[in-house]
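**Student:** output the structure for:
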Amino acid sequence: MVEMGYERYVREQHRRRLDGILRRNHMNLIEKYLQVRMANLCHVELYFRHVLARQEHDTSGRLKTLKFRP
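**Tutor:** Reported below is the predicted structural model:
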């Protein structure tokens, strides 16, 4: 992100997630999505706070309480 810059980094990350068949067949929809996403981009400080919170979040202690339904 430091090398690319925040906005370019976010755009490239979204493009990578939407790669493959979706990207080949619906590039116009992806571009519209990216326009909306980039127009509503949060400040880089908030993005970093989100990343830190995500990395520190640990719910592994709750795994025993999960119930799987067929």
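**Student:** contacts and neighbour counts: CA atoms only from here.
**Tutor:** OK.
**Student:** report how many residues lie close to residue 39.
**Tutor:** Burial measure for residue 39: 9 neighbouring residues, criterion other Cα atoms under 10 Å.
**Student:** from residue 26, how far off is residue 18?
**Tutor:** 10 Å (Cα to Cα, to the nearest Å).
**Student:** give me the more crowded residue out of these two.
**Tutor:** Neighbours were counted for residue 18 and for residue 26 using other Cα under 10 Å; residue 18 has more, 15 against 11.
**Student:** excluding chain neighbours, what is closest to that one?
**Tutor:** Counting by Cα to Cα, 6 or more residues apart in numbering, residue 18 lies nearest to residue 30, which is 7.7 Å off, once chain neighbours are set aside.
**Student:** how far away is the one you found from residue 60?
**Tutor:** Using Cα to Cα, we find residue 30 at a distance of 34 Å from residue 60.
**Student:** who's more crowded, the two?
**Tutor:** Counting neighbours by other Cα under 10 Å for residue 30 and for residue 60 shows that residue 30 has the greater number, 18 against 7.
**Student:** now residue 59: phi and psi?
**Tutor:** Per-residue torsions, residue 59: phi -110, psi 20 (degrees, to the nearest 10).
**Student:** I'd like the distance between it and residue 53.
**Tutor:** Shown here: residue 59 relative to residue 53, a distance of 13 Å by Cα to Cα.
**Student:** go on, residue 15?
**Tutor:** Separation of residue 15 from residue 53 (Cα to Cα): 24 Å.
**Student:** who's more crowded, the two?
**Tutor:** Neighbour count, other Cα under 10 Å: between residue 15 and residue 53, residue 15 has more, with 16 against 11.
**Student:** what's near enough to touch the more buried one?
**Tutor:** By Cα atoms under 8 Å, 6 or more residues apart in numbering, the contact list for residue 15 reads residue 30.
**Student:** distance from the chain centre to the helix or strand encompassing it, please.
**Tutor:** Under the assignment given by DSSP states H and E, the secondary-structure element containing residue 15 is helix 6-17. Using Cα atoms, centre = their mean, to the nearest Å, the mean C-alpha position of helix 6-17 is found 8 Å from that of the whole chain.
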